[in-house]
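Can you look at this prediction? I've put the sequence above it.
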There are 2 protein chains.
Amino acid sequence: MENGSSILVVGSVALDSVVTPKGESREALGGSATYFSLSASFFSKVLVVGVVGEDFPNRHRRVLEERSIDLSGLQVIQKGKTFRWVGEFGKDLNQARTLETHLNVFEHFRPKLEPEQKEAPVVFLANIDPELQWEVLAQMTHPKLVACDTMNYWISSKRAALKELLSQVHIFFVNEEEVKLLTQEENVLKAGRILSEWGPEVVVIKKGENGALLLAEGQYYAFPAYPVEDVVDPTGAGDTFAGGFLGYLAGAGSSVAMRDVQQWKRAAVHGSVMASFTVEDFSTRRLEGLASVHLEERYRKFLELLRVEDPSLILPTVG
Amino acid sequence: MENGSSILVVGSVALDSVVTPKGESREALGGSATYFSLSASFFSKVLVVGVVGEDFPNRHRRVLEERSIDLSGLQVIQKGKTFRWVGEFGKDLNQARTLETHLNVFEHFRPKLEPEQKEAPVVFLANIDPELQWEVLAQMTHPKLVACDTMNYWISSKRAALKELLSQVHIFFVNEEEVKLLTQEENVLKAGRILSEWGPEVVVIKKGENGALLLAEGQYYAFPAYPVEDVVDPTGAGDTFAGGFLGYLAGAGSSVAMRDVQQWKRAAVHGSVMASFTVEDFSTRRLEGLASVHLEERYRKFLELLRVEDPSLILPTVG
């Protein structure tokens, strides 16, 4: 993979209306491909494949363009309406409650890739119908690193297609609830192992404010989340995490071996840092206002928080 | 504090009957002082202050004695019955459900310290009535490091006494549910800050399988738990964590500055390692069979899991 590899992401670009204990946002920029690409764009070139209606505001489009995200694969359906999600978060902010989902133009979305898109070495199949994820992957000419996400809805309705897809995926991002549902195993660590037997080289179990577990080469690596005291809106944190994770790997390009545990760990730290910003404001606002200097500062601080110096074990003084 | 300082622990020595999805144990060795002292005994001398009935089995006593734990402060009440706890854990193993609590000899327990006990430089006031915790602390001649734990029952019934106690404590161990109940703040990180304003220099928020948060010098440090795939019985994990944490600090003695963030972090890692053993079997069995070599091996492995190498930030290649 050459330096600064590009990432293709296929997923939703949406208008979100969200209520949290800190306030609300209406018809704000959202969607899995949106959060992913904004996050990844800090590290690598990103090409979005998705669909919106003609009601998709120009100001939202500009947010993505300002981060040099390639929107040539974002179809605009004339007279169509953009995908909308309405949700709320309760006091503990850990779980979104979906109030309304309007698929709109997303209902008949059949992604067809252009030559440049087919050649991207890294692809992120964000949370859409596993059959569509498969269709996209089948069009790629030589994907070096394939990652995907999913959700409870697809696990329940299209489990076989999802399982088939996982056999072709290198990295699977999944949350605690989903991993249990998918494997029918209550112990998250055992559930992750079952998943890894289905194909993915790396399983990343996202735990929100409790961080993430990374299973690679048969070994679990646990990461705490960066401690954010003023969580405003957790929407998009998971996709932002995936964006930092894959964006870092793509940006690192050929200068590092892809199949290296330390590389996965660094990717997880990048994902955590990006997600910690997203939750600090509604929608994509915090990512929009982010400069590299903020990112680097928090990255350094996070590593400092994680670092355990002079790890000498004090052995038994008694007994 | 001289090298290898001793720790005084006051708390329960109990007979536990526990059911988990992995099986059950009956009238097994348990209690907060038991788990704490077994764990701390790997690093420092431990003196137990507590009470049992004459029904307390000699084989349980020997488990503690074999780790050179000083039981001269463990009163035996003739014709009395030992404190008993009956509980169960459901599928997710995160929360114990108490089925029965029989205080027995613990009901009228009024700890009175002997000279050697009064002079211990480190004291752990395990989960008992805050008024008793206070009585013990008042008898100490020159405690250098005071730590305590509590539970929902005391938070609800003796909040004022507990708050008063916290003003005299250096380290407070508390779990997520308790910290929210005590401060009436839903955000765990904010709740921890409120607690630290009440007095403790260090607040340690225990999150079970999700690790721990350490608040010291105004900064949060997050630690994942050591990933244990076969959790058999989580009973005692919190007290074992505290035992590893304080045992390490006491064992390190004067060779390190006490008020040092790196020292607190190392203590948290020691606590996590000890707790990861406890949950692997019922009651104290895993701690009983533990040799220093197992402990050191897991400690090294945990640090290796936590370590992020060559943390170079890949800065924007685009935009």
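On my side now, so go ahead.

Just the local confidence number for the closest residue to chain B within the stretch 51-200 of chain A, please.
Residue nearest to chain B within the stretch 51-200 of chain A: A:Ser68 (4.0 Å; C-beta to the nearest C-beta). Bear in mind the C-beta positions are built from the backbone N, C-alpha and C, glycine included. A:Ser68 is assigned 96 on the pLDDT scale.

I'd like to know how many residues surround it.
13 (other C-beta atoms under 10 Å in any protein chain shown).

so it makes contact with A:Ser44?
No - using C-beta atoms under 8 Å, A:Ser68 is not in contact with A:Ser44, being 10.4 Å away.

need the helices for chain A, in chain order.
For chain A, applying DSSP state H gives helices covering A:32-40, A:58-65, A:115-118, A:130-139, A:152-157, A:159-166, A:176-183, A:188-197, A:237-252, A:261-278, A:285-288, A:292-306.

Return the most buried member of those helices.
When these are scored by mean count of other C-beta atoms under 10 Å in any protein chain shown, the highest mean neighbour count falls to helix A:32-40 (a mean of 31).

With adjacent residues omitted, what lies nearest to A:Val232?
A:Lys22 (4.5 Å; C-beta to C-beta, 6 or more residues apart in numbering or on different chains).

cool, A:Leu290 as well?
Nearest to A:Leu290 is A:Phe277, by C-beta to C-beta, 6+ apart, at 5.8 Å.

show me what contacts the one you found?
By C-beta atoms under 8 Å, 6 or more residues apart in numbering or on different chains, the residues touching A:Phe277 are A:Thr240, A:Arg286, A:Leu287, A:Leu290, A:His294, A:Leu295, A:Arg298.

Settle this for me: the first one is touching A:Thr278, isn't it.
Spelled out, that is A:Thr240. Yes - shown here, A:Thr240 and A:Thr278 form a contact pair, counting by C-beta under 8 Å, at 4.2 Å.

shared neighbours of the two, which are they?
With C-beta under 8 Å, 6+ apart, A:Thr240 and A:Thr278 have common neighbours A:Tyr35, A:Ser39, A:Leu287.

What's the per-residue pLDDT of A:Gly90 here?
A:Gly90 carries a pLDDT score of 89 in this model.

can you pull the pLDDT of the nearest residue to A:Pro143 once chain neighbours are set aside?
Distance criterion C-beta to C-beta, 6+ apart; nearest residue to A:Pro143, sequence neighbours excluded, is A:Val123 at 5.1 Å. Note on A:Val123: pLDDT of 97.

Now do the contacts for A:Val123.
Contact analysis of A:Val123 by C-beta under 8 Å, 6+ apart lists A:Ile7, A:Leu8, A:Val9, A:Val10, A:Val136, A:Leu137, A:Met140, A:Pro143, A:Leu145, A:Val146, A:Ala147.

Recalculate using a threshold of 10 Å.
A:6-10, A:47, A:49, A:113, A:117, A:133, A:136-137, A:139-140, A:143-148, A:169-170, A:246, A:250 (C-beta atoms under 10 Å, 6 or more residues apart in numbering or on different chains).

repeat for A:Val86
Applying C-beta under 10 Å, 6+ apart to A:Val86 gives the contacts A:15-19, A:26-27, A:97-102.

Relative to B:Gln78, which of those is nearest.
Closest approach to B:Gln78 among the contacts of A:Val86 (C-beta to C-beta): A:Arg97, at 58.5 Å.

measure the closest one to A:Glu176 for me?
Counting by C-beta to C-beta, to the nearest Å, the separation of A:Arg97 from A:Glu176 is 17 Å.

Can you pull out the low-pLDDT segments for the stretch 1-150 of chain A?
A:1-4 (pLDDT under 70).

now with 80?
A:1-4, A:92, A:94 (pLDDT under 80).

How about the residues of it by chain B?
A:3-6, A:21, A:40-46, A:65-70, A:90-93 (C-beta under 10 Å from any C-beta of the partner chain).

Could you turn the buried ones of the residues you listed into a PyMOL selection?
Of these, the buried ones can be selected in PyMOL as follows, counting by 16 or more other C-beta atoms under 10 Å in any protein chain shown:
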select buried, chain A and resi 4+5+6+40+41+42+43+44+45+46+67+69+70+93
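
Please flag which of the residues of the stretch 1-150 of chain A next to chain B sit within strands.
A:Val46, A:Asp70 (DSSP state E).

Who does A:Leu125 form a beta bridge with?
A:Val10, A:Cys148 (DSSP bridges).

Return the distance of it relative to A:Ser44.
From A:Leu125 across to A:Ser44, the span is 17 Å (C-beta to C-beta).

related to what we said a few turns ago, please report how far the residue nearest to A:Pro143 lies from A:Ile194.
In terms of C-beta to C-beta, A:Val123 sits 24 Å off from A:Ile194.

repeat for A:Gly50
Per C-beta to C-beta, A:Gly50 is found 31 Å from A:Ile194.

now do A:Gly253
From A:Gly253 to A:Ile194 the distance is 32 Å (C-beta to C-beta).

Next, the contact list for the nearest residue to A:Ser37 once chain neighbours are set aside, please.
Spatially, and ignoring its direct neighbours in sequence, A:Ser37 is nearest to A:Val46 (4.4 Å; C-beta to C-beta, 6+ apart). Applying C-beta under 10 Å, 6+ apart to A:Val46 gives the contacts A:6-9, A:33, A:36-40, A:64, A:67-71, A:120, A:122, A:124, A:243, A:246-247, A:250, B:318-319.

For ChimeraX, write a command that selects the buried ones of the contacts of A:Val86.
Per 16+ other C-beta under 10 Å, the buried members of the contacts of A:Val86 correspond to this ChimeraX selection:
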select /A:15,16,17,18,19,27
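
The residue nearest to A:Val232: neighbouring residues, count only.
Around A:Lys22 there are 13 residues (other C-beta under 10 Å).

Please report the distance of it from chain B.
11 Å (C-beta to the nearest C-beta, to the nearest Å).

isn't that residue right up against A:Asp230?
Yes - counting by C-beta atoms under 10 Å, A:Asp230 is a contact partner of A:Lys22 at 7.9 Å.
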